[in-house]
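Engineer: Structural data only, the sequence is not supplied:
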């Protein structure tokens with residue numbers, strides 16, 4: 001965790017909306033390995049849909065999370081430095097039973113997240129009990145919060161607290177929120193419950209990063225992001241952006257280079273060939289470098305800029 005902030009990589013699940021969950025196991029392993037090496041503590045493997053294992057578990061593993069896929073990613077995550085990363089799985093109540101969720105612990109899954117509307121939170125009680133009984137954390141993810149009336153959000157928060165949820169997420173599913181919206185809801189939720197709060201942003205109006213900052217400033221401790229912001233709609237908060245920010249501000253010890261390497265190696269078919277340049281611009285901006293300085297540094301090799309990020313933090 002970074003200064004009390006737990007980053008959750010959602011590339012394989014939310015990014016799957018972009019490529020129709022066509023990640024190969026090798027690509028998924030590369031994403032998990034990079035996150036573990038970078039110090040990102042949690043990596044979401046995908047959606048758990050046991051009924052689809054036989055049909056597409058081999059070709060589209062992140063769409064259903066078959067056992068062999070979870071086992072491989074669990075081993076990859078655990079192999080990282082400092083204890084590695086933990087796996088996260090997303091599951092809709094319609095797709096799973098409580099007993100199935102309890103069985104995820106043997107694959108190294110640390111967190112189970114369940115998306116829900118306000119009226120459905122209390123129906124998750126048996127799922128939360130099963131997850132907790134297996135030693136995993138349980139997260140209630142309230143979806144499409146921009147469409148909800150404030151009293152409904154507070155009602156959902158209270159219901160999540162009654163379940164002893166470990167995290168209560170607000171998901172800006174439509175990518176339509178502004179920082180003041182996030183701040184207003186955060187203050188109200190914190191007045192209502194004592195739960196750990198999480199925020200899942202989308203970047204439809206280019207507010208993903210600003211909303212994440214507002215969320216952290218107002219007490220949210222779990223933040224979702226994906227490599228290059230790959231995700232549905234306008235995309236997600238970019239993982240390389242939030243890790244660079246936290247690292248450069250001495251709010252977390254992240255290594256950005258593994259994320260950049262994985263993004264350039266895995267995401268080019270969907271995100272184009274400008275990934276490295278974009279990542280270098282992010283680091284250059286955080287270090288307050290002008291274009292001439294940035295060009296000079298780039299001429300020494302792509303790794304030089306990322307090394308400077310560590311040096312700048314050490315000198316601060």
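Structural biologist: Ah, there it is. This is a predicted model, so every value here is computed, not measured.
Engineer: List the neighbouring strands of the longest strand seen in the chain plus their orientation.
Structural biologist: Ranked by residue count under DSSP state E, the longest strand found in the chain is strand 109-116. Applying DSSP bridges to the sheet, strand 109-116 is found paired with strand 86-90 (parallel), strand 137-142 (parallel).
Engineer: How far off centre is the helix or strand just after the first one?
Structural biologist: Of the helices and strands lying after strand 86-90 in sequence (DSSP states H and E), the nearest is helix 98-102. Taking the mean of its C-alpha atoms, helix 98-102 sits 22 Å from the chain's own mean (CA atoms, centre = their mean, to the nearest Å).
Engineer: circling back: need the strands paired with strand 109-116 in CSV (columns: distance to residue 299, mean neighbour count and mean pLDDT).
Structural biologist: In this view, the C-beta of every residue, glycine as well, is placed from N, C-alpha and C. What follows is those, written out as CSV (distance: least, CB to CB, whole Å; neighbours: other CB atoms under 10 Å; pLDDT from 0 to 100):
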stretch, distance to residue 299, mean neighbour count, mean pLDDT
strand 86-90, 39, 24, 97
strand 137-142, 45, 23, 98
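Engineer: Considering only helices and strands, which part of the protein has the lowest mean pLDDT?
Structural biologist: Lowest on mean pLDDT, DSSP states H and E among the helices and strands of the chain sits helix 302-315, with a mean of 67.
Engineer: Tell me the helices and strands packed up against the helix or strand harbouring residue 156.
Structural biologist: For residue 156, the element it lies in under DSSP H and E is helix 150-162. In terms of contacts (3 or more CB pairs under 8 Å, 6 or more residues apart in numbering; DSSP states H and E), helix 150-162 is packed against strand 137-142, strand 167-171, helix 179-192.
Engineer: if we look at it, which residues are touching it?
Structural biologist: Outside helix 150-162, the residues that touch it by CB atoms under 8 Å, 6 or more residues apart in numbering are 116-118, 121-122, 125, 140, 142, 145, 168, 170, 185, 188-189, 192-195.
Engineer: before we move on, back to that, just checking, next helix/strand downstream of the longest strand of the chain?
Structural biologist: Downstream of strand 109-116, the next assigned helix or strand under DSSP H and E is helix 125-133.
Engineer: same for that following helix, what does it pack against?
Structural biologist: Against helix 125-133 (3+ CB pairs under 8 Å, 6+ apart) you get helix 98-102, strand 109-116, strand 137-142.
Engineer: same thing but 6 Å
Structural biologist: helix 98-102 (3 or more CB pairs under 6 Å, 6 or more residues apart in numbering; DSSP states H and E).
Engineer: list the buried ones in the helix it packs on?
Structural biologist: 98, 101-102 (16 or more other CB atoms under 10 Å).
Engineer: okay, those in JSON lines with distance to residue 134 next?
Structural biologist: JSON lines is the format used below for the buried residues of helix 98-102 (distance: CB to CB, whole Å):
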{"residue": "98", "distance to residue 134": "10"}
{"residue": "101", "distance to residue 134": "8"}
{"residue": "102", "distance to residue 134": "4"}
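Engineer: Looking at the residues you listed, which is nearest residue 85?
Structural biologist: Proximity of the buried residues of helix 98-102 to residue 85 (CB to CB) peaks at residue 101, which lies at 19.9 Å.
Engineer: Report pLDDT for that closest one.
Structural biologist: On the pLDDT scale, residue 101 is placed at 98.
Engineer: wouldn't it be in contact with residue 128 here?
Structural biologist: No: here residue 101 does not reach residue 128: they are 9.3 Å apart, not a contact under CB atoms under 6 Å.
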